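S.K.: what follows is a protein structure lacking sequence information:
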């Protein structure tokens with residue numbers, strides 16, 4: 001069986017599936033039918049069916065063009081000649097690569113449906129699309145280091161900020177100009193010079209007003225206060241709880257390409273119909 005015949009039978013199968021969902025009677029989609037025209041000439045029709053609706057019989061003839069290029073006006077004109085010779089037969093032409101502009105104008109004028117029947121290209125089987133906005137808020141626990149103490153104890157605040165930026169990203173400049181910086185604490189306690197506990201960081205955080213997020217930060221000042229860190233005890237002047245808000249927008253598309261057997265596209269009206277794969281289609285793929 002050559003590729004042209006395969007395409008005709010494939011067209012027959014697809015229209016059979018489509019017509020199953022229509023509330024019409026006596027549908028039988030046939031392949032390779034001979035019809036006699038008003039002139040007495042016999043015409044070979046690739047795919048043909050008749051159906052009854054509201055006591056009226058409708059006749060449909062499909063011309064299949066398994067081309068790797070667009071269909072010219074001449075081919076549509078030839079098909080129109082066949083339809084003109086037949087008695088009240090509606091014409092549909094199907095192909096893979098579309099139609100030339102002249103062919104589209106001719107088909108639209110004479111009521112011939114020019115269809116593309118093929119596998120969907122990337123982006124053609126999008127069945128739903130939405131925009132999702134995700135908002136998140138992170139609260140940072142930051143400290144204002146006593147600069148005089150830092151100088152006396154050789155704690156280089158500027159170098160520490162540079163290292164923080166490098167850890168975040170080589171091109172980050174988030175901390176280099178910040179007044180308050182994150183420090184890794186060994187405990188949630190704040191102590192005085194005598195190592196006596198004067199405050200609990202966790203309890204301070206619980207005291208933050210509910211509307212703090214709108215104000216972005218909340219500061220607790222201290223005198224003669226120290227925290228235990230991986231770098232040793234560090235003298236601080238303030239603890240600041242700062243909110244950082246992030247908003248991320250994502251475009252979400254539901255692509256049915258993997259479950260779509262073929263696309264049926266009207267090149268004039270641009271209407272697109274997706275025909276899904278059946279169990280037998282998946283079974284044949286696994287062989």
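M.R.: Received the coordinates, thanks. Note that the coordinates shown come from a computational prediction; the quantities given were computed from them, not determined experimentally. Numbers count the residues shown, from 1 in each chain.
S.K.: list the contacts of the residue sitting nearest the centre point of the chain.
M.R.: Nearest to the mean C-alpha position of the chain, by CA atoms, centre = their mean, lies residue 253 at 2.2 Å. Each residue near residue 253 by CB atoms under 8 Å, 6 or more residues apart in numbering is listed here: 126, 128-129. All C-beta spots, glycine's among them, are computed from the backbone N, C-alpha and C.
S.K.: for it, list each beta-bridge partner.
M.R.: Beta bridges link residue 253 to residue 129, judged by DSSP bridges.
S.K.: circling back to that earlier point, can you pick the most crowded of the contacts of residue 253?
M.R.: Neighbour counts for the contacts of residue 253 (other CB atoms under 10 Å) peak at residue 126, which has 14 neighbours.
S.K.: what score does that one have for pLDDT?
M.R.: Listed pLDDT for residue 126 reads 72.
S.K.: and for residue 278?
M.R.: Looking at residue 278, its pLDDT reads 61.
S.K.: all helices for the stretch 1-150 of the chain, in order.
M.R.: Using DSSP state H, counting those that start in this stretch, the helices of the stretch 1-150 of the chain run over residues 3-20, 73-85, 101-109, 147-152.
S.K.: tell me which residue of this protein is furthest from the middle?
M.R.: Largest separation from the mean C-alpha position in the chain: residue 194, at 60.9 Å (CA atoms, centre = their mean).
S.K.: can you tell me the helix or strand for that one?
M.R.: Using DSSP states H and E, residue 194 is not contained in any helix or strand.
S.K.: phi, psi for it please.
M.R.: When read as degrees, to the nearest 10, the backbone of residue 194 gives phi -90, psi 10.
S.K.: distance check, residue 84 against residue 268.
M.R.: Separation of residue 84 from residue 268 (CB to CB, to the nearest Å): 19 Å.
S.K.: ah, wrong one, I meant residue 235
M.R.: Separation of residue 235 from residue 268 (CB to CB): 79 Å.
S.K.: look at those two and report which has more neighbours.
M.R.: More neighbours surround residue 235 than the other of residue 235 and residue 268, with 20 against 15 (other CB under 10 Å).
S.K.: hmm, that one is touching residue 144, no?
M.R.: No - shown here, residue 235 and residue 144 do not form a contact pair, counting by CB atoms under 8 Å, at 10.2 Å.
S.K.: which residue ranges of this protein form strands?
M.R.: Using DSSP state E, the strands of the chain run over 30-36, 42-53, 56-65, 89-95, 113-118, 126-145, 189-191, 197-200, 217-229, 232-255, 260-266, 272-276.
S.K.: out of the ones you listed, which is closest to residue 103?
M.R.: Nearest to residue 103 among the strands of the chain is strand 113-118; the distance by CB to CB comes to 6.8 Å.
S.K.: what pairs with the closest one, and is each one parallel or antiparallel?
M.R.: Within its sheet, strand 113-118 is paired with strand 89-95 (parallel), strand 260-266 (antiparallel), according to DSSP bridges.
S.K.: next, the buried residues of stretch 15-32.
M.R.: Using 16 or more other CB atoms under 10 Å as the burial criterion, the residues of stretch 15-32 that qualify are 15, 27, 29, 31.
S.K.: which of these scores worst on pLDDT?
M.R.: Lowest confidence among the buried residues of stretch 15-32: residue 27, with 73.
S.K.: check contacts around it.
M.R.: The contact partners of residue 27, by CB under 8 Å, 6+ apart, come to 19, 49-51.
S.K.: which two among these are spaced furthest apart?
M.R.: Greatest spacing in those, by CB to CB: 19 and 50 (11.1 Å).
S.K.: just for the stretch 1-150 of the chain, where's the confidence low?
M.R.: Across the stretch 1-150 of the chain, the ranges flagged by pLDDT under 70 are 22-26, 124-125, 127.
S.K.: the same query, at a cut-off of 90, please.
M.R.: Along the stretch 1-150 of the chain, segments meeting pLDDT under 90 span 1, 16-29, 50-58, 87, 119-140.
S.K.: related to what we said a few turns ago, for the buried residues of stretch 15-32, which one is nearest residue 260?
M.R.: Nearest member of those to residue 260, counting by CB to CB, is residue 15, at 16.4 Å.
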